[in-house]
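S.K.: Structure for this input, please:
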Amino acid sequence: MSDAIVYQVFSFQNVVVSVVSLGLFVLKAWAFLDALTRRKEEYVAADKLTKPAWTIILGVALAAHMLFWDPINLLGIIGTIAAIVYLVDVRPAIRSLTRR
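M.R.: So this is what the prediction gives:
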């Protein structure tokens, strides 16, 4: 009976890690695609890093996530932080300039 309980615990853990990893993948993909759709002049006007810099940072983060699906590794954590910084800081600054 204890083997069944251990299996269920590890099975639940795998599901949680998979859901978290998928969510972080979507977050990084959203940030990357949003960075691609913005014009490079908007980054300069918002006084942020350039468009090539953000697309490289977010592209490497997304590629690293696809290579190492585990969300708890150094590249994954750095990429997640980069995507969050982009979505929380850069994207609103750019959107405030282009809002009509």
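S.K.: Enumerate every residue touching the residue nearest to Val90 when sequence neighbours are not counted.
M.R.: Using Cβ to Cβ, 6 or more residues apart in numbering and skipping residues adjacent in sequence, the residue nearest Val90 is Lys48, 4.9 Å away. For every residue, glycine as well, the C-beta is placed using N, CA and C. If you count contacts by Cβ atoms under 8 Å, 6 or more residues apart in numbering, Lys48 has them with 54, 89-90, 93-94.
S.K.: just Gly79 next, same as before
M.R.: 28, 58, 60-62, 64-65.
S.K.: Give the buried subset of the residues you listed as a ChimeraX selection command.
M.R.: The following ChimeraX line selects those of these that are buried, judged by 16 or more other Cβ atoms under 10 Å:
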select :28,58,61,62,64,65
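S.K.: got TSV for the contacts of Gly79, with distance to Ser21, secondary structure and pLDDT too?
M.R.: Formatted as TSV, those follow (distance: Cβ to Cβ, whole Å; DSSP: H, G, I helix; E, B strand; the rest coil; pLDDT from 0 to 100):
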residue	distance to Ser21	secondary structure	pLDDT
Lys28	11	helix	97
Leu58	17	helix	98
Val60	17	helix	97
Ala61	13	helix	96
Leu62	13	helix	96
Ala64	12	helix	94
His65	8	helix	95
